[in-house]
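Colleague: Structural data only, the sequence is not supplied:
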């Protein structure tokens, strides 16, 4: 009968990976079984391909619903990857064992239905509620043992308790299996989690099948928590396992290799089996493969990399400092009673010596080295959906290769190649693949530059599968997706934004459908806010379409229609607004004004609509005040007119809250208006002074919100002016410190300035 050795490991643990290597060399199995969905067996022929470079992940997804997917990440230091590579190099058969993905990714019945099927007498809520004190997720068993032994790093505990023991590798794994049996008995998780029981039953099904085959030695590489129940001595009856695996839902699935990133191996990313420091673990494993684990090369080479990273950022990191940091790390390990230097000692030494006590450079080290910025690669022979294949072709032709580390690029849209890059990134954003996010282009006011921050994420592989339902190419899928959204869009704002995105993504076929839908909805639209919100994206498209050499004639016609409809309905739509509706209306008017100002001078119909709203005292103050400010800035109202309206709105006969709302709308923008118009400031100051104490307490939050929008320096200057007015009962004609100008002393400077400007001399120094 075949001998089964169960190698219980910690997922993504370099110490576990090294132990697995030694154990496989000692056992020399003729079959290696690895924890993972059996569907991954289809990917094993590519396991030895030179272009399959970790970190990578086996991706399994439901064909009909790609969002239901599962990743099986593998790093260089993952014990599973080490076992696969060992089997490939030695010509040994390898297979996966776990609950098949056809079951785990199938759509499950609702909890109530599931509970009813299991036992009609059991209440659904009770069936889903775990017992008190029972963990809801599998515990980190190796971490539990490490903490029990007083270790804060499971890998360090593994090294001390397992790697450094003077026994065979197989005996060490046997000891781990016994320890895990005690952990399982103590936590009680396995007995209460049905999913975990099904997974282990499925693993045993694969092992039972292997035992019936002609194998002499079988090595099982699995999570240490499962190890005790996967040894033949602990197998339950076949009937018990079959009962757990019957009547499970099924779905059709597909598999492929997908690039993974070091960042997504970190537990901070939400990955349940993640580790805290994947970059550090890779350094450990690679260094151990080249040198003895106890050598000083691990410490010295790590701190050398840290110093190089700091120098790349322009920070000092001299070689002598690196030597001193190595000595400090070794001293810290000795003082703390550690058998070897760990990441904690290295971080402390780095901060003390190389970072001069600051935590800020240490965060850079954590991001770049401790976590890492590696991105794996997948061979061209790997199965890919047609859309992903087309994207790969475009990335190669445009020389825009994905990277896990964020990079910023600035594209010149006047150049065809760079414009094509922009089009690709915009199309991918439409498809739900935000590989690039808009970034600042620096100090430029031109519209021909476009900045992007690029960072590839592993989950984009699933997004591409989902988007592949719309087409086999990036262009075709984006066109079909936009057409679908246009048909389902319920408001003009969404259609207006979709028009703009069509131009950015260069989708002429989709644009015609969106414009048609927009024209139809414009004719039917009764909501003036929706009309106003549609103006700005249409205006941006009309204004900047020429940069991308696009024809914006259709958009211009629709824009004119939308502006006309919004202008006619503006005043009636502003009537009888509550506070929330008025706030939305003000934002919509602002957006419409920004858009109209982009393309041309204000159309007469729009100006007339604004003037009608500004003159109507029955309109909510937020809207009326904002419109009056817009007209003042446009020069369509004089300061005297505005002062009269402000005085009327802040009069005793108007409710203070209504006056505060008008003031809030009017002061939207900068404070230069109040700093240079003493009459407006006087009216506001007199109004605030006249408000009684009780009412002022209610007004204070409103006023504070209004004036908090201004910069601190502007508020300080305004306060100085008001203080001067309090001291003199009128605004001083002197400077803002309240001192009068001494014209006699200023006369020489005035004369000299007149000479420089070519002006006649000022007699008597009068200005």
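Modeller: Received, thanks. The shown structure was predicted, so the numbers you read here are calculated from the model rather than taken from an experiment.
Colleague: Just give the nearest non-adjacent residue to residue 88, would you?
Modeller: residue 48 (4.2 Å; CB to CB, 6 or more residues apart in numbering). To be clear about C-beta, it is placed using only N, CA and C from the backbone, and glycine gets the same treatment.
Colleague: Could you say which helix or strand holds that neighbour?
Modeller: Per DSSP states H and E, residue 48 falls between elements, in no helix or strand.
Colleague: Would you check that it makes contact with residue 86?
Modeller: No: applying CB atoms under 8 Å as the test, residue 48 and residue 86 come out as separate, 11.1 Å apart.
Colleague: Surely residue 480 is in contact with residue 470?
Modeller: Yes: Residue 480 lies in contact with residue 470 (CB under 8 Å); the separation is 4.2 Å.
Colleague: who's more crowded, residue 48 and residue 86?
Modeller: Neighbours per residue (other CB atoms under 10 Å) separate residue 48 from residue 86, with residue 86 holding more: 20 against 12.
Colleague: Need the pLDDT of that one.
Modeller: With respect to pLDDT, residue 86 has a value of 95.
Colleague: ok, it to residue 32 distance?
Modeller: As judged by CB to CB, to the nearest Å, residue 86 and residue 32 stand 7 Å apart.
Colleague: Give me the common contacts of these two.
Modeller: Residues touching both residue 86 and residue 32 (CB atoms under 8 Å, 6 or more residues apart in numbering): 24, 92.
Colleague: quick one: low-confidence parts of the stretch 51-200 of the chain?
Modeller: Along the stretch 51-200 of the chain, segments meeting pLDDT under 70 span 109-139, 159, 163-166, 190.
Colleague: what do you get if the cut-off is 50, keeping everything else the same?
Modeller: 112-132 (pLDDT under 50).
Colleague: got it, and the chain?
Modeller: Applying pLDDT under 50 to the chain flags residues 112-132, 293-294, 444-446, 731-738, 765-767.
Colleague: Which parts of it belong to which domain?
Modeller: Listed domain ranges for the chain are 3-260, 281-371, 386-467, 638-736, 738-767 (source: automatic domain parsing).
Colleague: for these, which one sits closest to residue 612?
Modeller: For residue 612, the closest of the domains of the chain is domain 638-736, at 13.7 Å, according to CB to CB.
Colleague: now for the host helix or strand of residue 531, which elements pack on it?
Modeller: Assigned by DSSP H and E, residue 531 belongs to helix 528-544. Judged by 3 or more CB pairs under 8 Å, 6 or more residues apart in numbering; DSSP states H and E, the packing partners of helix 528-544 are helix 492-504, helix 508-524, helix 553-573, helix 579-599.
Colleague: Tell me which of those helices lies nearest to residue 405.
Modeller: Proximity to residue 405 (CB to CB) singles out helix 492-504 among the helices and strands packed on helix 528-544, at 25.5 Å.
Colleague: which helices and strands sit right next to the closest one?
Modeller: Contact partners of helix 492-504 among helices and strands, from 3+ CB pairs under 8 Å, 6+ apart: helix 416-430, helix 474-488, helix 508-524, helix 528-544, helix 553-573.
Colleague: how many degrees apart are it and helix 474-488 in direction?
Modeller: 160 degrees (axes from the mean of the first three to the mean of the last three CA atoms, to 10 degrees).
Colleague: Quick check: residue 60 is in a helix.
Modeller: No: under DSSP: H, G, I helix; E, B strand; the rest coil, residue 60 sits outside any helix and is assigned strand.
Colleague: if we look at stretch 565-572, which residues are touching it?
Modeller: Contacts of stretch 565-572 (CB under 8 Å, 6+ apart): 522, 525-526, 528, 531-532, 535, 589, 592, 603, 605-606, 608-610, 612-613, 616, 619.
Colleague: starting at the chain centroid, how far to that stretch?
Modeller: Relative to its chain's centre, stretch 565-572 lies at 40 Å (CA atoms, centre = their mean, to the nearest Å).
Colleague: what do you get for stretch 712-721?
Modeller: On CA atoms, centre = their mean, the centre of stretch 712-721 falls 39 Å from that of its chain.
Colleague: mind listing what residue 650 touches?
Modeller: Residue 650 is in contact with 659, 662, 663, 683, 684, 687, counting by CB under 8 Å, 6+ apart.
Colleague: farthest-separated two in those?
Modeller: Taking CB to CB, no two of these sit farther apart than 662 and 683, at 11.6 Å.
Colleague: Residues that sit against both of those two, list them.
Modeller: With CB under 8 Å, 6+ apart as the test, residue 662 and residue 683 both reach 646, 650.
Colleague: Counting neighbours around each, name which of the two comes out higher.
Modeller: Per other CB under 10 Å, whichever of residue 662 and residue 683 has more neighbours is residue 662, with 25 against 21.
Colleague: Now the more buried one. Nearest residue, chain neighbours left out?
Modeller: Using CB to CB, 6+ apart and skipping residues adjacent in sequence, the residue nearest residue 662 is residue 621, 3.3 Å away.
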